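> Take this sequence and fold it.
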Amino acid sequence: MICSAFAAESSCSQIINGKTPGSGESHGCPFRHYSEANLSTALSSTYNLSSAEQKEIIGATKEHHYHIACTRLFEIQHASQGVAKGDGIGKGDSVDHPNRYFDASRELYVVKKEEDDKLREMEEMEVDTLSNF
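I've put the predicted structure just below:
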C-alpha cells in the first residue's frame with residue numbers, strides 16, 4: 001500500500017502535493033488520495049488492522065498528517081519485530097520517502113531472519129549435543 005510509481009524520484013511531500021491520480025492510474029499516496037471508505041477497507045483487508053488502529057490512522061489523514069498516518073501504519077505493521085508507537089521507521093523518524101519505508105521494513109526483515117537463523121542453529125546444536133549422550 002505504500003506510495004508507488006514515482007517512488008524512486010519523488011519524496012512523500014512531492015507525491016502528496018503532486019497530481020491526483022486519475023481513473024486507471026496507480027501512483028500517489030493512499031493516505032492522501034484514497035477516500036476514507038477506501039482507506040478503511042484497505043487498512044482492514046490488507047493489514048487486518050483493528051477498528052481502533054484504523055480510527056487512529058484515518059484521524060491523522062483527516063488532519064492532513066499523511067506522513068504520520070503512514071508512519072503509524074509502519075509501526076503497527078512491524079510491532080511483532082519490536083517497533084513500538086513513537087519509534088517511527090527508526091530513531092523516531094517519520095516516513096518522508098517511500099523508499100525509506102521500504103528500506104526500514106527490509107532491514108527489520110533481514111535482522112529478524114538472521115535472529116531466527118541463529119536460534120535455529122543453536123537449537124540444532126543442542127539436539128546434536130543431546131543425541132551424542
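
> check which helix or strand covers the most centrally placed residue in the chain.
Central residue of the chain (Cα atoms, centre = their mean): Phe74, 3.0 Å from the mean position. If you go by DSSP states H and E, Phe74 is part of helix 66-77.

> Can you spell out which helices and strands pack onto that helix?
helix 12-17, helix 30-33, helix 36-47, helix 51-62, helix 98-131 (3 or more Cβ pairs under 8 Å, 6 or more residues apart in numbering; DSSP states H and E). (Glycine included, C-beta is placed from N, CA and C.)

> Leaving out chain neighbours, which residue sits closest to Ala69?
Ala60 (3.9 Å; Cβ to Cβ, 6 or more residues apart in numbering).

> and that neighbour, how many neighbours?
Using other Cβ atoms under 10 Å, Ala60 has 19 neighbouring residues.

> So it is in contact with Arg72, correct?
Yes: the criterion here is Cβ atoms under 8 Å, and Ala60 meets it with Arg72 at 6.5 Å.
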